[in-house]
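Engineer: Sequence first, then the predicted structure, then my questions.
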Amino acid sequence: MENVINNENQYENKNEDLIIELRTLTENDYLGLKSSMIEAYSEWEGASFWGEPQIKKLVEIFPEGQICILVNGAIAGCALSIIVDYDKFGDNHNYLQITGKYTFSTHNPKGDVLYGIDFFVHPDYRGMRIGRRLYDARKEICERLNLRAIIAGGRIPSYKDYADTLTPKEFLKKVKGKEIHDPTLSFQLANDFHVKKILKGYMPGDVESLEYASLLEWNNIYYQEEEDHLNTKKSVIRLGLVQWEMRPFPNLDSLCEQIEFFVDVVSDYQSDFIVFPELFNAPLMTAYNHLGGADAMREIAQSTLPLRDKFIEYAISYNINIITGSMPFMENGVLQNVGFLCRRDGSHEMYRKIHLTPAEKQAWGMVGGDTLKTYDTDCGKIGILICYDVEFPELPRLLAEQGMQILFVPFMTDTQNGYTRVRSCAQARAIENECYVAIAGSVGNLPKVHNMDIQYAQSAVFTPSDFSFPSNGIKAEATPNAEMTLIADVDVNLLKELHNFGAVRNMQDRRLDLYKLVNHMK
């Protein structure tokens, strides 16, 4: 039974030298443990205490789950736990059931939940953050053992003072809103636990709580279901961005040689992804300078599917996921700006540019797409938006709601003004959607190719802005206007931590009671 009473102002340091030790319990700790337990539960009328055989049993069956903190050699606080197969009990259980009538026969090393069966702090040491240290240690045990959650029944000792006017549900709401302070529940909520439900009759004899208890849960965001290690997704993902130089290529074969050169280089660094820029195959338009821009773009659209097939071949042979930037594509007489995700397992999917710039519509007669989705890869869920699309915050937010962790943005900009729009919006998307954003663009010149003659780019990888990330939100960036590759590692586990424990939590703190996005796309 969780009985944390938190009072940060109570402790007075009467000794200049304090030695604080966190360790697991041993059988020899029993007398000190019992003394501390009696003091901690002194205000709980009718409280009973663990006997020495019970503590000995816990230490035998699950030694790492029994932890204590000593201050100058005296036990100041303690947390006792077992592992249970939670599906066998569900949310409607009581303390006798979960502990096997205090025999701990319910402990199952192959279970999925760390269940807190006791937690207390000696009143003389409250105010030293003993409770927080013990909770943090429990969380580390949960993560280390790959258990999905910590669950416990927590006392609500202040409820007796409000029972005449408030139901347990109303009491809980006011504690959450900080209108009422409950010494146990308020502390647990402050330590990232949430209340699953209120239990009646959880601990018979708990007069202060009127036998009510809060069923508390802390979810382990690092939990991984057991699976074949070959199929386990990586947490640290290596990205390779190609800052491609626009220059004339005499034919498709020479273009493919340059593509393969970059794939080879980036794969040598064991990268998981390589990203090419938007309309990187525009140099093929030089063969059609005698045509208008719209006709020239339709001519090179004939090379898109052969290029897709080459990318699929490279993805397999170089063992790398390829984001092909974008290329013009004709379908049913309609010209669109599309690209392909070519996975290293040989599968592929098409993505389409949704928002077109005035130049794309007027000069080339392009039409925007109408599909938006995340893509599953062996490194997790990704999103891909082409250039101008990243300047519309609704699209990345819809992808983030689908679980996107990395957003790739192939782009093409001719001036620094255009580049600034793409860069600034991409960096904002990383912050507001708690994801990584990688942008890859083109440099160089294509003389006599209308609307494609000059390029400006500085490819980069952006991060959210919090303590676990670079203070400027930039993981890596290329040299402006120089052909090169940019290699950067991103850790998706940091995104989980940010989402649950960040200084601010953009995704969680949205007021969905006031507004929401509606996706009408395919």
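Structural biologist: That came in fine, so what should we check first?

Engineer: For this protein, which residues score under the pLDDT cut-off?
Structural biologist: Under the criterion pLDDT under 70, the flagged ranges of the chain are 1-16, 44-47, 227-232, 451, 522.

Engineer: What about Ser207, how many residues nearby?
Structural biologist: Just to correct that, residue 207 is Val rather than Ser. Neighbour count of Val207, defined by other Cβ atoms under 10 Å: 12. (Each C-beta comes from the backbone N, C-alpha and C, glycine too.)

Engineer: can you tell me the helix or strand for it?
Structural biologist: Secondary structure here is read from DSSP states H and E; on that basis Val207 sits in neither a helix nor a strand.

Engineer: Quick check on it: phi, psi?
Structural biologist: Per-residue torsions, Val207: phi -70, psi -40 (degrees, to the nearest 10).

Engineer: I'd say Gly153 and Ser214 touch.
Structural biologist: Yes. Here Gly153 lies in contact with Ser214, judged by Cβ atoms under 8 Å, at a distance of 7.3 Å.

Engineer: Next, show the common contact partners of those two.
Structural biologist: Where contact means Cβ atoms under 8 Å, 6 or more residues apart in numbering, the residues bridging Gly153 and Ser214 through contact with each are Leu199.

Engineer: Between those two, which is the more surrounded one?
Structural biologist: Neighbour tally, Gly153 and Ser214, criterion other Cβ under 10 Å: the higher count belongs to Ser214, 30 against 23.

Engineer: Can I take it that that one is in a strand?
Structural biologist: Yes. Judged by DSSP: H, G, I helix; E, B strand; the rest coil, Ser214 forms part of a strand.

Engineer: and it, what does it touch?
Structural biologist: Residues in contact with Ser214, defined by Cβ under 8 Å, 6+ apart, are Gly153, Gly154, Ile156, Leu172, Leu185, Gln188, Val195, Ile198, Leu199.

Engineer: Which of those residues fall in helices?
Structural biologist: With helices defined by DSSP state H, the entries of these inside them are Leu172, Leu185, Gln188.

Engineer: From Gly383, how far off is the second one?
Structural biologist: Distance from Leu185 to Gly383, counting by Cβ to Cβ, to the nearest Å: 39 Å.

Engineer: and Ala301, what does it touch?
Structural biologist: Listed by Cβ under 8 Å, 6+ apart, the contact partners of Ala301 are Met327, Pro328, Phe329, Met330, Leu335.

Engineer: quick one: which of the ones in helices among the contacts of Ser214 is nearest to Ala478?
Structural biologist: Gln188 (47.3 Å; Cβ to Cβ).

Engineer: surely the closest one meets Leu216?
Structural biologist: Yes. Gln188 sits in contact with Leu216 when judged by Cβ under 8 Å, with a separation of 5.5 Å.

Engineer: More neighbours: which of the two?
Structural biologist: Using other Cβ under 10 Å as the criterion, Gln188 and Leu216 rank with Gln188 on top: 27 against 23.

Engineer: how much space between that one and Tyr41?
Structural biologist: Distance from Gln188 to Tyr41, counting by Cβ to Cβ: 17 Å.

Engineer: Helices along the stretch 51-200 of the chain, start to end?
Structural biologist: Remark: helices assigned in the stretch 51-200 of the chain by DSSP state H, counting those that start in this stretch are 52-61, 95-98, 130-144, 168-176, 185-190.

Engineer: which stretch among these comes nearest Gly293?
Structural biologist: Of all these, helix 130-144 comes closest under Cβ to Cβ, at 56.6 Å.

Engineer: For Lys197, which non-adjacent residue is closest in space?
Structural biologist: The spatial neighbour of Lys197 that comes closest, neighbours along the chain excluded (Cβ to Cβ, 6 or more residues apart in numbering), is Leu215 at 5.1 Å.

Engineer: cool, Met285 as well?
Structural biologist: Ala296 (4.5 Å).

Engineer: count of neighbours near that neighbour?
Structural biologist: 24.

Engineer: residues of the strand or helix carrying it that come out buried?
Structural biologist: Assigning secondary structure by DSSP H and E places Ala296 in helix 293-300. In terms of neighbour count (16 or more other Cβ atoms under 10 Å), helix 293-300 has its buried residues at Gly293, Ala296, Met297, Arg298, Ile300.

Engineer: TSV for these, including distance to Glu260?
Structural biologist: Formatted as TSV, those follow (distance: Cβ to Cβ, whole Å):
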residue	distance to Glu260
Gly293	28
Ala296	25
Met297	24
Arg298	26
Ile300	19
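
Engineer: Tell me where the stretch 201-350 of the chain has helices.
Structural biologist: For the stretch 201-350 of the chain, the helices defined by DSSP H, counting those that start in this stretch occupy 252-268, 293-300, 304-317.

Engineer: and these as CSV, adding distance to Asn500?
Structural biologist: What follows is the helices of the stretch 201-350 of the chain, written out as CSV (distance: least, Cβ to Cβ, whole Å):
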stretch, distance to Asn500
helix 252-268, 33
helix 293-300, 46
helix 304-317, 34
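
Engineer: among the ones you listed, which is nearest Arg129?
Structural biologist: It is, among the helices of the stretch 201-350 of the chain and with distance given as Cβ to Cβ, helix 252-268, at 47.2 Å.

Engineer: Enumerate residues external to the closest one that contact any of its residues.
Structural biologist: Contacts of helix 252-268 with the rest of the structure, by Cβ under 8 Å, 6+ apart, involve 240, 242, 244, 249, 274, 276, 281, 283-284, 303, 306-307, 310-311, 314, 318-320, 322, 485, 487.

Engineer: if you set the cut-off to 7 Å instead, what comes out?
Structural biologist: By Cβ atoms under 7 Å, 6 or more residues apart in numbering, the residues outside helix 252-268 that reach it are 240, 242, 249, 274, 281, 283-284, 303, 306, 310, 314, 318-320, 322, 485.

Engineer: quick one: which of these is nearest Leu494?
Structural biologist: Using Cβ to Cβ, Gly240 is the member of those that sits closest to Leu494, with 19.8 Å.

Engineer: burial measure for that closest one, as a count.
Structural biologist: Gly240 is flanked by 26 other residues according to other Cβ under 10 Å.

Engineer: Setting aside sequence neighbours, what's the nearest residue to it?
Structural biologist: Setting aside the residues directly before and after it, Gly240 is nearest to Val266 in space (Cβ to Cβ, 6+ apart), at 3.4 Å.

Engineer: the helices in the stretch 401-522 of the chain, which residues?
Structural biologist: Counting by DSSP H, counting those that start in this stretch, one finds helices in the stretch 401-522 of the chain at the ranges 416-432, 492-501.

Engineer: okay, those helices in TSV with mean neighbour count and distance to Gly111 next?
Structural biologist: Listed next are these as TSV, based on neighbours: other Cβ atoms under 10 Å; distance: least, Cβ to Cβ, whole Å:
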stretch	mean neighbour count	distance to Gly111
helix 416-432	18	38
helix 492-501	17	23
